[in-house]
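Chemist: Would you be able to build a 3D model of this:
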Amino acid sequence: MTVAVTRYGKVRGTEIADGVLAWRGIPYAKPPVGELRFRPPEAPEPWDGARDALGYGNRSPQPEFGPPDPQAPPMAEDCLYLNVTAPAGASGRPVLFWLHGGGFEGGQGPNQAGDGVPFAQSHGLVVVTVNYRLGALGFLDVPGERPTGAAGLHDQIAALRWTRENIAAFGGDPEQITVYGLSAGAKSVTNLLASPLTHGMIARAAQSSGGDHVKDAAQARALTGRFLGELGTTPERLRSVSADDILHAQLAVAAVPRSVWVWRPSVDGAALTAKPVTAIAAGAAAGIPLLLQTCARECAMYALLAPDAPRQADGVLAGYFGQGTAAKILASYAARYPGLDEAALRTAVMTDERYVAPTERLADAQSAHGSVWRSRYDGPYTGLEDDPDPQFAQYAELLRAAHGGDGSAIWQGGRDSDGGSLPTALHSAWGAFATTGDPGWAPYPSPGRPAMIFAEDGPSVSADPFAHARDTWSGLDWQPGTWWTFDGIA
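Modeler: Now for the predicted structure:
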């Protein structure tokens with residue numbers, strides 16, 4: 001057992017692996033309940049004595065997708081907790097601050113990362129994993145509230161601030177915090193880089209399958225109107241209904257997987273004052289090294305979970321740009337990928353619109369102000385053997401290079417048997433970046449726009465593998481929507 005002293009009180013952790021200590025379920029803010037529901041988090045109340053930090057804190061209320069995980073902690077509004085893992089005797093070690101994925105509607109801090117033991121052992125990193133408010137509780141725009149629409153982002157900022165203020169007590173260096181996220185967590189990294197509230201807190205940043213995905217004012221109004229209609233109440237009564245009722249109304253608006261892009265932050269004038277990539281292009285994250293990875297077949301995951309997903313591409317493109325431009329985009333992809341059938345072709349369009357093109361814009365925005373590295377994951381879906389749904393593993397070949405397939409390998413390294421030496425290469429690159437700010441290949445703005453391709457036969461550098469996506473979407477301006485339309489919510 002070991003005790004660390006934070007600004008708010010002592011926490012007692014334990015050794016969870018050889019030479020690795022962990023503290024779980026540390027409150028980084030007051031419970032966001034009652035009058036604090038939908039509002040930015042407030043600092044936690046101090047406590048006396050040493051608080052046991054041996055079990056994970058509550059998850060934010062969320063839909064259950066697949067069989068229940070018996071090891072998952074309970075769901076509750078009182079969910080603002082984080083976990084710290086560190087090498088025993090650590091002092092001044094770099095910090096890896098992880099934000100989980102889940103479409104801003106599901107997940108918890110340890111998802112894919114676990115306790116971060118492999119990074120603590122291989123690179124001496126101090127790892128922080130974070131819970132934040134999800135779905136309507138985290139991202140509903142409440143009429144009359146200011147700020148509103150980004151409570152979950154404010155949670156992430158509060159957790160980052162807590163980490164900067166307290167991580168030295170666990171052996172971490174507050175001047176060497178790398179923020180890393182996957183999917184919604186990756187988009188959250190973009191938001192943190194853009195936020196005026198994080199200035200000076202972030203040393204390095206990395207993403208898997210991110211980009212820029214916030215809702216605009218029209219989308220926020222439509223979503224709020226639909227949500228209040230499903231809940232059957234008025235804005236004034238939103239703090240008096242139960243969290244269960246809020247979750248049920250959220251599910252009535254849209255259920256997994258079609259809900260995956262419905263809940264997202266708004267530009268609320270506080271955590272975000274401009275669209276994230278616009279702020280980053282203006283220098284909001286100047287000097288911060290940035291590592292950006294996308295998967296070659298990102299949206300194969302959505303085509304599996306919702307077979308009608310590819311068919312939405314024609315309508316989505318026409319809604320953004322009109323029929324003429326939509327036809328030109330589809331023709332460009334047909335010429336680029338002549339061997340693909342209609343569904344696979346539109347899945348490729350979806351992959352680039354949802355992930356690759358926004359990531360390219362982010363790379364260009366930040367490269368004017370700091371070093372940027374680009375990579376692509378082409379390997380097998382790692383971590384399937386750990387999935388609580390054993391049926392999911394049967395789709396391994398369909399999920400090759402699909403969304404989220406790199407996460408387990410990055411976190412677990414060679415401990416994951418999938419992909420041969422590929423997990424070791426990914427783990428080593430992310431570990432090097434978190435400790436030195438350089439993953440080991442040439443930055444993206446170098447001649448030829450080099451990017452590392454993590455493939456099953458080993459990593460190799462390729463010259464400008466994202467040229468088609470970047471050229472096809474260049475000059476086009478669009479506000480990303482939900483992909484599916486839900487009674488007026490675009």
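Chemist: Show the secondary-structure elements that the longest strand seen in the chain is packed against.
Modeler: The residue-count maximum for a strand in the chain (DSSP state E) belongs to strand 172-182. Counting contacts by 3 or more C-beta pairs under 8 Å, 6 or more residues apart in numbering; DSSP states H and E, strand 172-182 is packed against strand 93-99, helix 151-166, helix 184-194, strand 204-208, helix 422-436. The C-beta positions use only the backbone N, C-alpha and C, and glycine is treated the same way.
Chemist: Adjacent strands (with direction) for that strand?
Modeler: strand 93-99 (parallel), strand 204-208 (parallel) (DSSP bridges).
Chemist: What's the first helix or strand after the shortest one?
Modeler: When you say that, I think you mean strand 204-208. Next helix or strand after strand 204-208 toward the C-terminus (DSSP states H and E): helix 217-231.
Chemist: quick one: buried residues of that next one?
Modeler: For helix 217-231, a neighbour-count test (16 or more other C-beta atoms under 10 Å) marks 219-220, 222-224, 226-228, 230-231 as buried.
Chemist: so which of those would you say is closest to Ala442?
Modeler: Nearest to Ala442 among these, counting by C-beta to C-beta, is Gln219 at 38.3 Å.
Chemist: thought the closest one was touching Ile489?
Modeler: Yes. Under the criterion of C-beta atoms under 8 Å, Gln219 makes contact with Ile489 at 7.1 Å.
Chemist: in the stretch 1-150 of the chain, which spans are strands?
Modeler: Assigned by DSSP state E, counting those that start in this stretch, the strands in the stretch 1-150 of the chain fall at 2-5, 10-17, 20-27, 50-52, 81-87, 93-99, 126-130.
Chemist: Out of the ones you listed, which one sits most buried?
Modeler: Among the strands of the stretch 1-150 of the chain, ranked by average contacts under mean count of other C-beta atoms under 10 Å, first place goes to strand 126-130 (a mean of 28).
Chemist: Any idea which residue is closest to the centre of this structure?
Modeler: Gly185 (1.2 Å; C-alpha atoms, centre = their mean).
Chemist: tell me the pLDDT at the nearest residue to that residue once chain neighbours are set aside?
Modeler: Using C-beta to C-beta, 6 or more residues apart in numbering and skipping residues adjacent in sequence, the residue nearest Gly185 is Leu99, 3.5 Å away. Note on Leu99: pLDDT of 98.
Chemist: Bridge partners for Leu99, pull those for me.
Modeler: Val130, Gly181.
Chemist: Pretty sure it sits against Tyr180.
Modeler: Yes. With contact defined as C-beta under 8 Å, Leu99 reaches Tyr180; the gap is 7.3 Å.
Chemist: Find residues that contact each of those two.
Modeler: Residues touching both Leu99 and Tyr180 by C-beta atoms under 8 Å, 6 or more residues apart in numbering: Val189.
Chemist: Please put the alpha-carbon coordinates of stretch 117-130 into PDB.
Modeler: Extracted in PDB, the C-alpha atoms of stretch 117-130 (Å, rounded to 0.1, in the frame of the first residue of the first chain):
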ATOM      1  CA  VAL A 117       0.800  -1.100 -16.700                       C
ATOM      2  CA  PRO A 118       2.700  -1.800 -19.900                       C
ATOM      3  CA  PHE A 119       3.700   1.900 -20.400                       C
ATOM      4  CA  ALA A 120       4.600   2.200 -16.800                       C
ATOM      5  CA  GLN A 121       7.000  -0.700 -17.100                       C
ATOM      6  CA  SER A 122       8.300  -0.100 -20.700                       C
ATOM      7  CA  HIS A 123       8.800   3.700 -20.600                       C
ATOM      8  CA  GLY A 124       8.400   4.700 -17.000                       C
ATOM      9  CA  LEU A 125       5.300   6.700 -17.800                       C
ATOM     10  CA  VAL A 126       2.800   7.900 -15.200                       C
ATOM     11  CA  VAL A 127      -0.700   7.100 -16.700                       C
ATOM     12  CA  VAL A 128      -3.900   9.000 -15.900                       C
ATOM     13  CA  THR A 129      -7.300   7.700 -17.200                       C
ATOM     14  CA  VAL A 130     -10.400   9.800 -16.800                       C
END
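Chemist: in the helix-or-strand element of the chain with minimal mean pLDDT, what counts as buried?
Modeler: In the chain, no helix or strand scores lower on mean pLDDT, DSSP states H and E than helix 300-305, which sits at a mean of 94. Buried positions in helix 300-305, judged by neighbour count with 16+ other C-beta under 10 Å: 300-304.
Chemist: and the helix or strand just after it, what does it pack onto?
Modeler: Counting by DSSP H and E, the element after helix 300-305 in chain order, helix or strand, is helix 313-321. Under the contact criterion of 3+ C-beta pairs under 8 Å, 6+ apart, helix 313-321 touches helix 323-336, helix 342-351.
Chemist: Against which helices or strands is the least confident helix or strand of the chain packed?
Modeler: Secondary elements touching helix 300-305 (3+ C-beta pairs under 8 Å, 6+ apart): helix 342-351.
Chemist: Residues contacting the helix it packs on, please?
Modeler: Counting by C-beta under 8 Å, 6+ apart, residues outside helix 342-351 touching it are 295, 297-300, 302-303, 309-314, 317, 329-330, 333-334, 337, 340, 483.
Chemist: Now with 6 Å, please.
Modeler: Defining contact as C-beta atoms under 6 Å, 6 or more residues apart in numbering, one finds that helix 342-351 is touched by 298-299, 303, 310, 313, 333, 337.
Chemist: would TSV of those with distance to Arg361 be doable?
Modeler: Shown next, in TSV, are the contacts of helix 342-351 (distance: C-beta to C-beta, whole Å):
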residue	distance to Arg361
Glu298	16
Cys299	18
Ala303	24
Pro310	23
Ala313	19
Tyr333	19
Tyr337	22
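Chemist: which one among these gets closest to Ala442?
Modeler: Using C-beta to C-beta, these come closest to Ala442 at Glu298, 23.9 Å.
Chemist: Could you tell me the end-to-end distance of stretch 279-286?
Modeler: Using C-alpha to C-alpha, to the nearest Å, one end of stretch 279-286 lies 10 Å from the other.
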